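**Q** give the three-dimensional model of this entry:
(chains A and B)
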Amino acid sequence: MWSELLPLAADLAWPFALALAWVIGELGHRWTGLPRISLYGAVGFFLAHTQLGLLPPVTKGSVMLLANVAFGLILFEFGYRINLRWLRTNPWISATGVLEAAATFVAVYAVAITFGMPLLSSLLLASLAMSTSPAAVMRVVNEERSSGQVTERLLHLTAINCVLAVFAFKVIVGFWTFQTSGNIWQALSNSLVVLAVSAGLGATFGLGVPALLRHFGRLTTDATLGFAIGVILLVAIAHSLKFSPVLAALTFGFVARHRRVALNQTQRNFGALGDLLVVVLFVFVATTIEWQRVLTGFVLALALISVRMAAKVFVVGALARVSGVSWRKGVLTGFALTPISVFVILLLEQTRALGIDLVDQLAPLAAATLLLELVGPVITQRALMLAGESAEPTGR
Amino acid sequence: MPLEPFKTSASLSLGVELELQLVSLSNLDLIDASPDMLDLLGRRAFPGNVVPEITESMIEVSTDVHTNHEGLLGQLRQIRDALVAAGDRLNVGVCGGGAHPFQQWTERKIFSKPRFSEVSALYGYLAKQFTIFGQHIHVGCASGDDAMFLLHSLNRYVPHFIALAAASPFLQRRDTLFNSARLNSVFAFPLSGRAPFTLSWHEFAHGYFASMEHTGIVRSMKDFYWDIRPKPEFGTIELRVCDTPLTVDRAAALAGYLQALSACLLARSDMPPSESDYLVYNYNRFQACRFGLDGTIVHPKTYESITLREDILATLRRVEGHAEAMGAVAALSHLKQVAHEGSDANYLRRQYEDRGSSEGMVEAAIGRFRQ
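**A** Coordinates of the predicted model:
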């Protein structure tokens, strides 16, 4: 009897989890005003196989792919909002981004070493801690319909620190591979080649899809569907060829925006499709966090989060006036950068495939990610509200 | 509070106010950037005046008082350069145009200031859909009576300014078929339209305004949204029908034309204005909004039909002498070219054709403002 029901239960687990996350997300958002993604994450974490055990462990398959697509869509939209020219016309933005990431790296590395973590783990941890989660930031910005300098800077600084984080991470992994295997080719292919090919793939889509849309004629029609299908295809290709879907999708959005053959109307969040996949993504990401690891790394995690936040708030705040906004908005931007990147996890998954098992060594990261997955979006949301950049509540 | 006395100002002096769009360079939609822009612009001396407007996606600039077109143009260019530089630092595009082609009024945010909150509470969605962008031109008048005479004499020329400045052909991503769709939004307000007919300042202030104030409907001249309204505290009349043009050069040219035309009218060159002139007023106004320079208007005295383009070109020739005296010749030749080649509305439609989207149209407008 049970053996017959078990596969059925497994099939039902995910749809039920999504439904539950959605209901809790909506009700919780209405009652508490917390960002929906925090609530999705909470549901995912509690239902995960290592906690309540409703959800089976996911290593590959359709949910993983869906989550990757969801992440790809958000990154595309994120890349599409980045304006490179601004980094040139206001070099203080780039300076803030680089200094903020560097300060975070140094601060986190110092704390990790002080707590007695091995050198390699400390370096990797420091590089990952630089990044802010583009997905969390993008979702909160869209949910709040915020606009203004904190919003703009938040997005651009996140883009800079993510690129730096991926780069630093890959360089460290490459260096480590070289040291252990002595094989320069393996080291290179592990890092730079993967980055270059992923970016190239994204750029090809960034040029091709708008051209195709243009070819279809009258562009008053919505480009959302075209871009969504482009992202899905791109993520699937990058995923199966073991390149970085993250970087590819980001580059796609970025190139589609800057080399725009034509400008297109796109729906925020990719409309209902985006909203749906976001539930999948944030539930899924939180299921990968194990309670045991969180407990192990809790103290160090708190220390890491504190210095990370201090570094970001201090640097972004200090450079606020000179870059053209008030101190207050600068400090708020620094706080808004708190959510940590979900692709931390994805990167870890990839290195595991390469034969480096960092997950066990990086238990504090799991704890930090859980905390920031749930609390980070709330901090971003409050920062946007305090800056007066969220939209007024509508329909009330 | 009774209307204050009409302050005398140098006859035919000029001042210009421009309401400008603040645009996100990411998706080219309007962005709520006026608090940040004002904060940054407030750090150093601004070549003119800059203030918030009702929603946070708008910013209003104004010039000092000028006696000629050249001085006005010079200051407008400085203002533009200051705005563009601030926009560059904040990733905000600044542009002209009477309306944004695809913004949603529901997304707009009311700028936090008591008067704006009052207006918003009174008018509801009208306040947010009032995110439209106009050019206001002030002309100095030696007396209140001069002001009333000039205000009503200009009635027949209002369509000229609408057609020459028209720059709002699209709303909600669709071609409205209007050249100035913006003015339709103004018309939704109960106190819009035209000023009541009287040529005496005394009668206007102590008769009409006092009675209106007694009804409790209005408290100051600001409550009227007329096409032309007297501004006693400046000693001017204010023409409010122009869409904000895509360039400050055109804004200055329109002011120069108004100056030369006012000089001509104050020399009593036309038949004196009368209430019956307004029989054709709304129809002519509609023609100018809808068809722009190709509109056909009815002359208020002779009832003759004329195309706006011909009427404008004829008037430009007629005021040439005054323009020479006032230093507004360059303004007239600029507008002659517009009459031949088309307005900003035509330009925007061409951009839409070439670039294939409303976003492309906004991008072109941003580029044009910088020129």
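
**Q** what residues does the stretch 1-150 of chain B have near chain A?
**A** Within the stretch 1-150 of chain B, the positions adjacent to chain A are B:24-28, B:31-33, B:35-36, B:39-40, B:86, B:88-91, B:102, B:106-107, B:109-110, B:112 by CB under 8 Å from any CB of the partner chain. Bear in mind the C-beta positions are built from the backbone N, C-alpha and C, glycine included.

**Q** now intersect the residues you listed with the helices, please.
**A** If you go by DSSP state H, the residues of the stretch 1-150 of chain B next to chain A have B:35, B:36, B:39, B:40, B:86, B:88, B:89, B:90 in helices.

**Q** which of those residues has the most neighbours?
**A** Using other CB atoms under 10 Å in any protein chain shown as the neighbour criterion, residue B:36 leads these with 28 neighbours.

**Q** list the residues that contact the residue lying closest to that residue once chain neighbours are set aside.
**A** Spatial nearest neighbour of residue B:36, excluding adjacent residues (CB to CB, 6 or more residues apart in numbering or on different chains): residue A:149 at 4.5 Å. Residue A:149 is in contact with A:324, A:325, A:329, A:333, A:387, A:389, B:33, B:36, B:90, counting by CB atoms under 8 Å, 6 or more residues apart in numbering or on different chains.

**Q** for residue B:24, see how far away the third one is.
**A** This points to residue A:329. As judged by CB to CB, to the nearest Å, residue A:329 and residue B:24 stand 17 Å apart.

**Q** looking at the two, which is more packed in?
**A** Taking other CB under 10 Å, residue A:329 and residue B:24 do not tie; residue A:329 has more neighbours (28 against 21).

**Q** show me the contacts for the more buried one.
**A** So residue A:329 contacts A:149, A:150, A:153, A:320, A:387, B:36 (CB under 8 Å, 6+ apart).

**Q** switch the cut-off to 10 Å
**A** By CB atoms under 10 Å, 6 or more residues apart in numbering or on different chains, residue A:329 lies in contact with A:148-150, A:153, A:316-317, A:320-321, A:323, A:336, A:383, A:386-389, B:35-36, B:39.

**Q** so what's residue A:212 closest to, chain neighbours aside?
**A** Excluding its sequence neighbours, the residue lying closest to residue A:212 (CB to CB, 6+ apart) is residue A:226, at 7.1 Å.

**Q** pretty sure the one you found sits against residue A:213.
**A** Yes: using CB atoms under 10 Å, residue A:226 is in contact with residue A:213, at 5.1 Å.

**Q** do I have it right that residue A:372 meets residue A:306?
**A** No: with contact defined as CB under 10 Å, residue A:372 does not count as touching residue A:306 (11.7 Å).

**Q** these two: which has the busier surroundings?
**A** Neighbours per residue, other CB under 10 Å: of residue A:372 and residue A:306, the larger number sits with residue A:372, 28 against 12.

**Q** can you give me the strands in chain B?
**A** Along chain B, the segments classed as strands by DSSP state E run B:14-24, B:49-52, B:58-62, B:92-95, B:134-140, B:170-171, B:174-175, B:192-193, B:225-226, B:228-231, B:236-243, B:296-298, B:305-307.

**Q** want to try a markdown table for those strands, with mean pLDDT as columns?
**A** Putting the strands of chain B into a markdown table (pLDDT from 0 to 100) gives the following:
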| stretch | mean pLDDT |
| --- | --- |
| strand B:14-24 | 96 |
| strand B:49-52 | 94 |
| strand B:58-62 | 96 |
| strand B:92-95 | 96 |
| strand B:134-140 | 97 |
| strand B:170-171 | 94 |
| strand B:174-175 | 92 |
| strand B:192-193 | 92 |
| strand B:225-226 | 94 |
| strand B:228-231 | 96 |
| strand B:236-243 | 96 |
| strand B:296-298 | 96 |
| strand B:305-307 | 96 |
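
**Q** in CSV, list those along with distance to residue A:296.
**A** Shown next, in CSV, are the strands of chain B (distance: least, CB to CB, whole Å):
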stretch, distance to residue A:296
strand B:14-24, 44
strand B:49-52, 53
strand B:58-62, 54
strand B:92-95, 47
strand B:134-140, 64
strand B:170-171, 59
strand B:174-175, 60
strand B:192-193, 70
strand B:225-226, 68
strand B:228-231, 73
strand B:236-243, 65
strand B:296-298, 82
strand B:305-307, 83
